[in-house]
Structure formats: C-alpha cells, structure tokens
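Undergrad: what follows is a predicted protein model with its sequence.
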Amino acid sequence: SNTRMLSSAERYSIDSNTWEDLANMPKGARYDHCAVSTTGTSEIYILSGGTCSVDVFDTGSSSLSWKTETHLLHMPEERRYASAVMLKKKYLAVIGGYDQDWRATASCLI
C-alpha cells in the first residue's frame, strides 16, 4: 500500500480556484480525524484521528496559524471516522466512530 498519514493543511480559494499551503498541524500527522468550525469565531478544531489530541486552527489571524491551547484537555479516548459538532459555542460533541481497537461505537463525548 502507498498510504501515509499527513500533517499538512491547505486552503482553497473559491474565487481564484487555487490552493494555498498552510502550516502543518503542530501535533503531527493524523488520519480518519474530524474537524468542526465554530460559529461566530474564527477557530477550526481538529479532533482525534489516531490520537487523543485536539488542535485549533485560527482563520481570523492574518497569518492563518495553529494556536497553542494549553488549557485544552486531550480527549479521553481515540476516535476514528467520528463526527463532531459545536454546541452552544462552548461544547464540542464527538459522536460515534471507531475506538483504538477498531470497534464501532455509538457513544458521544461532550
């Protein structure tokens, strides 16, 4: 197999039909992760994907940069192929997916 995990990030411009390389994810390569953007703020949360960590990308800064969020806790367990949603601008809910042993789960982390 020629599969490899990536830590890269890119931005697509609908207006100019072009791609732009952004800074790599700070905590390394991920796979099968999920992302959720926040309403009313400029943050995108990258969750799980072979890890319990959470990365935050700031789209509001002129540099489009990864934030160092020392107050964020790691997720209590790995998830792959999960879905995520922001609730009430203060909760991240991670729903379903597979655990670290590739068992399907219907649980929800909030």
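TA: Okay, I see it.

Undergrad: which helix or strand contains Thr39?
TA: Assessed by DSSP states H and E, Thr39 sits outside every helix and strand.

Undergrad: go on, Val94?
TA: Judged by DSSP H and E, Val94 forms part of strand 91-95.

Undergrad: report the buried residues of that strand.
TA: 92, 94-95 (16 or more other CB atoms under 10 Å). Quick note: C-beta positions are derived from backbone N, CA and C, even for glycine.

Undergrad: that one - contacts with which helices or strands?
TA: strand 43-47, strand 83-87, strand 108-109 (3 or more CB pairs under 8 Å, 6 or more residues apart in numbering; DSSP states H and E).

Undergrad: and the most centrally placed residue in the chain, how far is that from Ala82?
TA: The residue lying closest to the centre of the chain (CA atoms, centre = their mean) is Ile46, at 1.1 Å. According to CB to CB, to the nearest Å, Ile46 stands 12 Å off from Ala82.

Undergrad: return every residue with contacts to both of the two.
TA: Cys34 (CB atoms under 8 Å, 6 or more residues apart in numbering).

Undergrad: so Ser48 sits against Glu78, correct?
TA: Yes. The pair formed by Ser48 and Glu78 meets the contact definition of CB atoms under 8 Å, at 5.8 Å.

Undergrad: Ala82 and Asp99 touch, don't they?
TA: No. Here Ala82 does not reach Asp99: they are 9.7 Å apart, not a contact under CB under 8 Å.

Undergrad: neighbour count winner among these two?
TA: Ala82 (24 against 14; other CB atoms under 10 Å).

Undergrad: show the low-confidence segments of the chain, by residue range.
TA: For the chain, applying pLDDT under 70 flags the ranges 1-3, 61.
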